[in-house]
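Trainee: quick check, what structure comes out for this input:
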Amino acid sequence: MSDDPKDAAIPAQSTAPSAVQETPAAPETPAAQGDTLLRVEGLQKHFPIRKGLFKRQVGAVQAVDGLSFEVRAGETLGVVGESGCGKSTMGRLITRLLEPTAGSVEFEGRDITHLSTGAMRKMRRDVQMIFQDPYSSLNPRHTIGTIVGAPFRLQGVKPEGGVKAEVQGLLERVGLNPEHYNRYPHEFSGGQRQRIGIARALALKPKLVVADEPVSALDVSIQAQVVNLLDDLQDELGLTYVIIAHDLSVIRHVSDRIAVMYLGKIVELADRKTLYSTPGHPYTSALLSAVPVPDPRRKGHGNRRLLHGDVPSPIAPPPGCRFHTRCWKATASCATIEPPLIQLGTGQKVACHHPEHGPDQLPGDAPLVKPGGTVTLSGTKAEEAVPAAEAEAAPEAKVAPDTKPEPDAAPETKPEAAVPAPEPAEDKGDAAPAADAEPDTAPDDKPDVAPEDGLDAPARDEAGPEKK
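Mentor: Residues are numbered from 1 along each chain as shown. Next up is the predicted model:
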C-alpha cells in the first residue's frame with residue numbers, strides 16, 4: 001500500500017495549482033533564482049500596554065522597531081539574537097499572523113501588509129510557517145492524516161490519487177512511515193512531531209517558509225537530522241527559507257546570509273563567510289566569542305568579550321544606539337544619535353558608529369562615561385575600577401577604631417542596675433549575706449577602673465563568674 005501512494009504523490013503536486021479555481025496568475029510567473037522574493041521596509045510592531053478602568057494606553061512594548069531587509073528566491077536568511085529581541089514577532093509579521101503597526105511587506109512585488117483575511121488566504125499557499133514548539137503546534141485530537149491534509153481542505157485542492165495518498169507521500173518524504181497516517185501526535189517523539197509540522201508546511205509546495213526555531217526543542221542528534229532534512233527539501237523543491245534561531249552553529253550550517261537582531265532592530269546583515277570571519281558590530285563580535293570551542297587545547301586562548309548588564313526593556317529602550325549601555329566602544333554620540341544600517345563592504349551592512357572591522361564613522365568622539373564605570377573587556381578597565389573604589393573606602397574604615405571606646409563607658413551604669421538584685425535575697429535565709437558580699441565589692445572596684453581605661457571592663461566581667 002505504501003508504494004502506490006508514493007508513486008501518486010509526485011505527479012499530484014505538479015497538478016495542485018490547476019485544481020484551485022481562485023488562484024491568480026502568480027504560479028505562471030514564479031520568481032527566478034536570485035530575484036527578490038520578499039521585501040520588508042520599516043516594519044514595526046508595538047504591543048500596547050493598557051491600564052485603568054477605561055483601558056487607556058499608557059505605553060507600548062516595541063517588539064519590532066524599523067526592520068528593513070530583502071530575501072532572494074532560493075536563498076536561506078538566518079536571523080539570530082538574544083531571547084526577547086523580536087525574532088519570532090518578525091516571523092509572524094512576515095507571514096501576516098500579526099498585523100504590523102507600521103511599515104510594509106511585499107511578496108513577489110505585491111504589498112501584502114494590509115490584505116484582508118480572504119485575500120490573504122490565497123497567499124497562504126505560497127507563504128507557510130514552521131512553529132517553534134512541536135508539542136503545541138499540533139492538535140492532539142486530530143490524527144496525523146487530518147493535520148497534514150488540512151491545507152488541501154482549506155485551499156480546496158484535490159490532488160490526483162486523493163488526499164490520503166498525497167499525505168502519505170509527504171510523510172515518507174520527511175522521513176516518517178506512511179502507515180502512521182491514523183496515529184495521534186502523542187504517539188510520536190519530539191523530532192517526529194517536528195517532521196510532521198514540516199510536512200504540513202510543505203503540503204502545497206510554498207515558495208517561502210518561515211521556520212521559527214525549528215530545532216531548539218530537540219536533542220542534538222535530532223537537530224542534525226531536521227537540519228539536513230531542510231537542506232534536502234530546499235534542493236529538491238527550490239524553497240526559500242527564513243530560519244530564526246539562537247544557535248549560531250545551526251545558523252552557520254544552513255544560512256546563506258545572516259541578520260543579527262538586538263532589541264527590535266537589525267544591527268548587522270552580511271553573508272555567512274563575512275560575518276563569521278570579520279564581524280562588524282560589537283554585539284555580533286560578542287555573540288561569536290560566546291560560542292564554545294570543542295577543542296581542549298584552545299581553552300582560554302579565545303578573545304572572550306563579556307557583556308555587562310542586562311538587555312534594556314523594550315518598553316523604554318535607551319536613546320541613540322540601543323546597544324550603547326553594554327558596549328565597550330560606546331562614545332558620547334552613541335547615547336544620542338541612532339546609527340543607520342549602512343553598507344561597509346560587499347554584502348555587509350552594520351548599524352554602528354564605531355564598527356569592529358571598518359572605518360570609524362565618528363572619529364575623535366569622546367568616550368562615554370557611564371554611572372557604574374566604563375564597560376570594557378574582561379580583565380581591563382572594568383576590573384581596575386574595583387581597587388580604586390576599595391582605596392576610597394579604606395580611610396573611612398580607619399576612623400572606626402577611634403570611636404569604639406565610647407560604648408565602653410556603659411560599665412558606669414552597670415553598678416546601678418546590679419544594686420536591686422540582692423533585695424529579693426533577704427527572704428532566703430543564710431544565703432543572703434553571701435549574695436550581698438559580691439555586689440558590695442563590684443561598685444567599689446568599677447568606678448576606680450572605668451575613668452582610667454575602659455578596656456579593663458571586659459576582664460572584670462570574666463572574673464565575676466569565677467568568684468561565684
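
Trainee: what's the closest non-adjacent residue to the residue nearest the centre of the chain?
Mentor: The centre of the chain sits closest to residue 83, judged by CA atoms, centre = their mean, with a distance of 1.0 Å. Nearest residue to residue 83 in three dimensions, chain neighbours excluded: residue 246, at 6.8 Å (CB to CB, 6 or more residues apart in numbering). Every residue, glycine included, has its C-beta placed from N, CA and C.

Trainee: quick check: pLDDT value at the one you found.
Mentor: pLDDT, residue 246: 86.

Trainee: please report phi then psi for it.
Mentor: Backbone geometry at residue 246, expressed as degrees, to the nearest 10, gives phi -110, psi 0.

Trainee: and the gap between it and residue 294?
Mentor: Note on residue 246: its distance to residue 294, by CB to CB, to the nearest Å, is 19 Å.

Trainee: tell me which of those two has more neighbours.
Mentor: It is residue 246, of residue 246 and residue 294, that has more neighbours when counted by other CB atoms under 10 Å, with 16 against 7.

Trainee: which SSE is the residue nearest to the centre of the chain in?
Mentor: Counting by DSSP states H and E, no helix or strand carries residue 83.

Trainee: wouldn't it be in contact with residue 245 here?
Mentor: No: with contact defined as CB atoms under 8 Å, residue 83 does not reach residue 245; the gap is 11.5 Å.

Trainee: just the CA atoms of stretch 39-52, as CSV, please.
Mentor: The C-alpha trace of stretch 39-52 is given here as CSV (Å, rounded to 0.1, in the frame of the first residue of the first chain):
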residue,chain,number,x,y,z
ARG,A,39,11.0,42.9,0.7
VAL,A,40,10.5,44.4,4.1
GLU,A,41,10.7,48.2,4.7
GLY,A,42,10.4,49.9,8.1
LEU,A,43,8.5,47.1,9.7
GLN,A,44,7.2,47.9,13.2
LYS,A,45,5.1,46.1,15.8
HIS,A,46,4.3,47.8,19.1
PHE,A,47,2.1,45.9,21.6
PRO,A,48,0.0,48.5,23.6
ILE,A,49,0.0,48.5,27.4
ARG,A,50,-3.4,49.4,28.8
LYS,A,51,-4.4,50.1,32.4
GLY,A,52,-7.2,51.5,34.3
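
Trainee: contacting residues for residue 265?
Mentor: Neighbour list for residue 265: 65-67, 322, 351 [criterion: CB atoms under 8 Å, 6 or more residues apart in numbering].

Trainee: hmm, 10 Å instead?
Mentor: Neighbour list for residue 265: 62, 64-68, 81, 85-86, 317, 321-323, 338-339, 341, 351 [criterion: CB atoms under 10 Å, 6 or more residues apart in numbering].

Trainee: put the buried members of those residues into a PyMOL selection.
Mentor: Buried subset of these, written as a PyMOL selection, criterion 16 or more other CB atoms under 10 Å:
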select buried, resi 62+64+65+66+67+68+81+85+86+317+321+322+323+339+341+351
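
Trainee: restricted to strands, list the contacts of residue 265.
Mentor: Secondary structure from DSSP state E places 62, 64-68 of the contacts of residue 265 in strands.

Trainee: rounded mean pLDDT for the helix or strand that contains residue 283, please.
Mentor: Take DSSP H and E as the rule and residue 283 turns out to sit in helix 282-289. For helix 282-289, mean pLDDT is 91.

Trainee: now stretch 251-264
Mentor: Averaging pLDDT along stretch 251-264 gives 94.

Trainee: buried stuff in it?
Mentor: 251-255, 257-264.

Trainee: same check, this time on stretch 336-350
Mentor: By neighbour count with 16+ other CB under 10 Å, stretch 336-350 contains the buried residues 337, 339, 341, 344, 348-350.

Trainee: got it, and stretch 174-188?
Mentor: Of the residues in stretch 174-188, 174-176, 178, 180-181, 183-185, 188 count as buried by neighbour count, 16+ other CB under 10 Å.

Trainee: one step back: export the ones in strands among the contacts of residue 265 to JSON lines and tack on pLDDT?
Mentor: Below are the ones in strands among the contacts of residue 265 laid out as JSON lines (pLDDT from 0 to 100):
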{"residue": "62", "pLDDT": "95"}
{"residue": "64", "pLDDT": "96"}
{"residue": "65", "pLDDT": "94"}
{"residue": "66", "pLDDT": "93"}
{"residue": "67", "pLDDT": "95"}
{"residue": "68", "pLDDT": "95"}
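
Trainee: could you dump those residues into CSV with distance to residue 116 added?
Mentor: Converted to CSV, the ones in strands among the contacts of residue 265 look like this (distance: CB to CB, whole Å):
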residue, distance to residue 116
62, 27
64, 22
65, 26
66, 26
67, 23
68, 25
